[in-house]
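1. Kindly generate the corresponding structure for this input.
(one chain, ligands or ions: 1)
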Amino acid sequence: MGIFILRIAVFVSGRGSNLKAILDSRDIQENIEVKAVVSDKIDCPAFSIAQKFSILTFSVGNKIGFMNYEELRESLQSLEVELIVLAGYLKLIPNNFLSFYKGKIINIHPALLPSFGGKGMYGINVHKAVFESSAKVSGATVHFVDETYDTGKIIMQRCIDISDVKSPEEIADRVLNIEHEILPFVLNKFAEGKIKIVGKRVIIN
Ligand code: GRF
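-> Okay, here's the model as predicted:
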């Protein structure tokens, strides 16, 4: 392990392939500890990945048996979580929670923001919109989270040629591969203290 370990929580709603990419990344294993996996579901498929790695799981929301965001904040605080990573998390984060972790929540979006983002733009919906626009490139974006969907400052993007694709699913597959590369990359840069906001831009050294 490196000298400084960045403690993170990963929020998920689905299968958790980005969570797995984080946990499998060798750089990350040296610099980052995933302290908790959080979902808006009780039986989120990504939880089984967390359990394999003996990581605590929490379900958050208003339903019976779920903790609320205040209780979640207390749990994450006691785990000394420093950065929250939304990796396929579909719920909007409440403002109180957001202001507590201001500047410390990031998201991965499967398109090149600021295009193809916003409410309802998740999963295959994004790739359908990209496909139907006849765009020739797509990609993935890692960005800071603010009060609205997909509008926070962009940290990193990578694009791919999609001029030959025949379906939205094909775009999804190509973009997912990129997601699995850039999210661990960005997290590692956070752990190394190499991500800074300078004026209106986010700089990676
Ligand atoms: C990814 O495309 C992510 O960008 C999006 O939801 C998908 C989640 O995939 N927000 P997974 O659960 O990490 O496999």
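
2. which residue does the chain bring closest to the ligand?
-> Using Cβ to the nearest ligand atom, residue 88 is the residue of the chain that sits closest to the ligand, at 2.6 Å. In this view, the C-beta of every residue, glycine as well, is placed from N, C-alpha and C.

3. quick one, longest helix in the chain?
-> Counting residues, the longest helix in the chain under DSSP state H turns out to be helix 168-191.

4. tell me what whichever helix or strand comes after that one is packed against?
-> Toward the C-terminal end, the helix or strand that comes next after helix 168-191 (DSSP states H and E) is strand 195-198. Strand 195-198 sits against strand 201-204, with contacts defined as 3 or more Cβ pairs under 8 Å, 6 or more residues apart in numbering; DSSP states H and E.

5. Quick check: buried residues in the strand it packs on?
-> Buried residues in strand 201-204, counted by 16 or more other Cβ atoms under 10 Å: residue 202.

6. Given it, what are its sheet partners and their directions?
-> Taking DSSP bridges as the criterion, strand 201-204 sits next to strand 195-198 (antiparallel) in its sheet.

7. Give me the contact list for the helix or strand of the chain with the lowest mean pLDDT.
-> Ranked by mean pLDDT, DSSP states H and E, the weakest helix or strand in the chain is helix 26-31, scoring a mean of 78. Applying Cβ atoms under 8 Å, 6 or more residues apart in numbering, the contact partners of helix 26-31 are 1, 2, 4, 5, 6, 22, 184, 187, 188, 191, 192.

8. now stretch 109-116
-> Contact with stretch 109-116 is made by 117, 121, 126-127, 129-130, 133, 135, 137-143, 150-151, 154, 157, 159, 172, 175-176, 179, as judged by Cβ under 8 Å, 6+ apart.

9. could you say which helix or strand contains residue 155?
-> Assigned by DSSP H and E, residue 155 falls in strand 154-161.

10. Contact partners for residue 155?
-> 106, 142, 143, 144, 186, 195, 202, 204.

11. Please consider this matter closed, and thank you.
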